[in-house]
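Quick one: sequence and predicted model below, then my questions.
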Amino acid sequence: MYFARLHCILWLFVFVLAITLGPGRLLADEQSKVMLVLDASGSMWGQIKGTAKIVIARRAVKDLLSTWDKNIHLGLSAYGHRKKGDCNDIQTIYPVGPTRPDAILKVVNSLNPKGKTPLSEAVRRAAHELKFTESKATVILVSDGEETCQADPCALGTELERQGINFTAHVVGFDVSKKKQKGLRCLAKNTGGLFLSARNAGELNSALAKVVTAVKVQPKKVAAKPALKPKPVAQSGLRIDIVVSEGGAAWKGEIGLKIFSEKAGLDGKRKVIAKTWRAKSGYIFKNLPKNTYLLEVVLADHPHIKRTVSVKVQQGKAQVVTVNMDIGQVRFDASMVDEGKPIKGELGWKIFSPKKDLSGKRKKIADFWRTKSGDVFWLPAGTWRIVGVIADASYLTVSGELIVEPGGQGAHAFSFNAGTVRFDASLASEPAIYKGEVGWKVFSTKKDFSGKRKKAADFWRAKSGGIFLLPAGTWLVDGVLADHAHVKTNMKIVVAAGSEVAHEFNFKAGKVRFDVTADGKATPAEVGLTVWGLEKDLSGKREKIADFWRIKSGYLTFLPAGKYLLSGKLADQQKVKGELTFEIGAGKEKAVVMDLTHQ
């Protein structure tokens, strides 16, 4: 009896305490976690009173760590420190955990600013690393500039505040003009955080000190957000609601739905019970028999995105199935050089799984062809391998790692490290533009062990003035007159990323017309002509320059400038022959008259 009364008293005490303090206060405080996001973009090399901003920031982080509460776990991420022009250059350089000042300072001191400012995506990733949808999370952002990767910090703040349990972003604008503070201020405001402006080292230290104080203050307990209730079903049936991510926005595009039998037949195929195409989220399947089925969802205009889930149907009842597509948006920006102008031509992108299978191949996730720089795509959330190509210059490719966050929006910049060249073809040093077609082959300047050069590109039957893209580097270019293969030239060129350079190739050739007679009279017969170098080599042989077989009198061709021996004969009467010498100058035209006689 005593223990029963004690038990009741204890439960009454707990009940009163719960009413007095609220449910949040009954629980032991969860471990506080903070992620410091540090700007390491190229602008951090800018100076304030003779000291680089990155140096000032390193010192400020050192001071911050000296007063950091060891009971608060800290992590550190940075952006813009590995690549120029890459909006995906974001890295967690110290995972969230117990604070170790020496280890953190070591990585901070190694940062080498060089890239862009993807601050929105960096904050988003920091929030996910802190598992902000499961527990309270705080991000401290230190940035010396505005967003440069086409994202909206203000919208991000709203999104993180809505999705998070108790998320806060404190923002320190370091040497940021008032005009460029708008997005930073909005990010802090929309998450209930502080925005502090710092113009120099002293103000940066002061701002971080205020942030540390704010972090130490016990944040208010926020009641767990109730799960989103599905919209009421107006009629019986199975309604399919599609969302972009867990707890995220509804999919607004069109979808394809198929309902299969749960078990496959002897042929390994499942029977299609019902289907619809180009429907919208909220579509209702009616009169489905009571059973367990497999539901396949495909995004109609993004067929590489599919999801299959099991559904249990209860006949005659109103049911709702919410399918999380677990996808995010990505934008691919392409340029010829880091932070350069967008490429105007068309592009191709292939998305692969990061790991290879036993055959050494990667599974292809998606393929986008003849797109433009700046186009936006939907992809499954995850880490992927991306390969890009310039559609009309397939020898130019780029590759890298791609991270897609559920419900996220990420801009990714890719530099093809290439330049634009124009090849002008002339016959002489004085302007004598060649009007025929030309072939160009581009080789590496170094030979491999077999004595061959690697071919980088090949352009056939181009015109003088043709414009091409080439990888940055030093190249050997071989040129040939397409219809006169015996006329060639070559030249070494240097291509710089993002450059536009015209190169003139002088073929040093002249135009020749061969007029042939037989025994002093014009002849309609076919002839064979061979052009030889006039000088003999040490073995007494002449170099054969060109050979023309079964041509007619009046034949036109081009020959390299020089002196030649011409031998000829009638194609069908080879004892009727002759020879002569002639000379042709670069850019000149000459008629060569040859009389063939019986010999």
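Okay, I see it. As the structure is a computational prediction, the values presented were derived from the model and not from experiment.

how about the residue nearest the centre of the chain, secondary structure?
Compute the mean C-alpha point of the chain, and by C-alpha atoms, centre = their mean the closest residue is Phe414, 4.3 Å away. When classified by DSSP: H, G, I helix; E, B strand; the rest coil, Phe414 comes out as strand.

Could you point out the helix or strand that follows the lowest-mean-pLDDT helix or strand in the chain?
None of the helices or strands of the chain scores lower by mean pLDDT, DSSP states H and E than helix 23-26, at a mean of 35. If you walk from helix 23-26 toward the C-terminus, the next helix or strand you reach (DSSP states H and E) is strand 33-39.

List the neighbouring strands of that following strand plus their orientation.
Applying DSSP bridges, strand 33-39 is found paired with strand 73-79 (parallel), strand 137-143 (parallel).

what's that strand in contact with?
57, 61, 64, 72-80, 96, 108, 111, 117, 119, 122-123, 126-127, 129-130, 135-145, 174, 215 (C-beta atoms under 8 Å, 6 or more residues apart in numbering). No exception for glycine: its C-beta is placed from N, CA and C like everyone else's.

same thing with stretch 276-286?
Here stretch 276-286 has contacts from 231, 233, 235-243, 250-252, 254-257, 259, 274, 300, using C-beta under 8 Å, 6+ apart.

picking that back up, most tightly surrounded among the strands paired with strand 33-39?
Among the strands paired with strand 33-39, ranked by average contacts under mean count of other C-beta atoms under 10 Å, first place goes to strand 137-143 (a mean of 27).

any idea how far that one is from the chain center?
27 Å (C-alpha atoms, centre = their mean, to the nearest Å).

pLDDT averaged over it, what's the number?
Taken as a whole, strand 137-143 has a mean pLDDT of 92.

how distant is the very next helix or strand once past it from the center of its chain?
Next in sequence after strand 137-143, counting helices and strands by DSSP H and E, comes helix 153-163. Distance of helix 153-163 from the chain centroid (C-alpha atoms, centre = their mean) equals 25 Å.

name the helices or strands packed onto the helix or strand following helix 153-163?
Downstream of helix 153-163, the next assigned helix or strand under DSSP H and E is strand 167-174. Packed against strand 167-174 by the contact rule (3 or more C-beta pairs under 8 Å, 6 or more residues apart in numbering; DSSP states H and E) you find helix 53-66, strand 137-143, helix 153-163, helix 182-190, strand 195-198, helix 201-216.

got a list of contacts for strand 167-174?
39, 53, 56-57, 123, 127, 132, 136-144, 157, 160-161, 181, 184-185, 187-188, 191-198, 204, 207-208, 211, 214-215, 219.

Of those residues, keep whichever come out buried.
Buried members of the contacts of strand 167-174, scored by 16 or more other C-beta atoms under 10 Å, are 39, 53, 56-57, 123, 127, 132, 136-144, 157, 160-161, 184-185, 187-188, 191, 193-198, 204, 207-208, 211, 214-215.

circling back: wait, the residue nearest to the centre of the chain sits on Asp333?
Yes - counting by C-beta atoms under 8 Å, Phe414 touches Asp333, with 6.9 Å between them.

any low-confidence regions in the stretch 151-300 of the chain?
For the stretch 151-300 of the chain, applying pLDDT under 70 flags the ranges 217-235.

now with 50?
Filtered on pLDDT under 50, the stretch 151-300 of the chain yields the residue ranges 218-228, 233.

Nearest to Lys536, out of the helices and strands packed on strand 167-174?
Closest to Lys536 of the helices and strands packed on strand 167-174 is helix 53-66 (C-beta to C-beta; 70.7 Å).

roughly how far apart are Gly479 and Phe507?
Gly479 sits 7 Å away from Phe507 when distances are taken as C-beta to C-beta, to the nearest Å.

tell me, what's touching those two both at once?
The contact lists of Gly479 and Phe507 share 425, 488-489, where a contact means C-beta under 8 Å, 6+ apart.

How many neighbouring residues does the closest residue to Gly400 other than its chain neighbours have?
Distances taken as C-beta to C-beta, 6 or more residues apart in numbering place Ile386 nearest to Gly400, at 5.8 Å, with adjacent residues excluded. Neighbour count for Ile386, taken as other C-beta atoms under 10 Å: 21.

pull the CA atoms of the helix or strand containing Ile386 into PDB?
In this assignment (DSSP H and E), Ile386 forms part of strand 382-390. In PDB, the C-alpha atoms belonging to strand 382-390 read as follows (Å, rounded to 0.1, in the frame of the first residue of the first chain):
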ATOM      1  CA  GLY A 382      23.600  11.800 -53.700                       C
ATOM      2  CA  THR A 383      27.200  12.000 -54.700                       C
ATOM      3  CA  TRP A 384      27.800  11.500 -58.400                       C
ATOM      4  CA  ARG A 385      30.500  11.500 -61.100                       C
ATOM      5  CA  ILE A 386      29.800  14.100 -63.800                       C
ATOM      6  CA  VAL A 387      31.400  14.200 -67.300                       C
ATOM      7  CA  GLY A 388      30.800  17.200 -69.500                       C
ATOM      8  CA  VAL A 389      31.600  17.700 -73.200                       C
ATOM      9  CA  ILE A 390      31.300  20.600 -75.700                       C
END
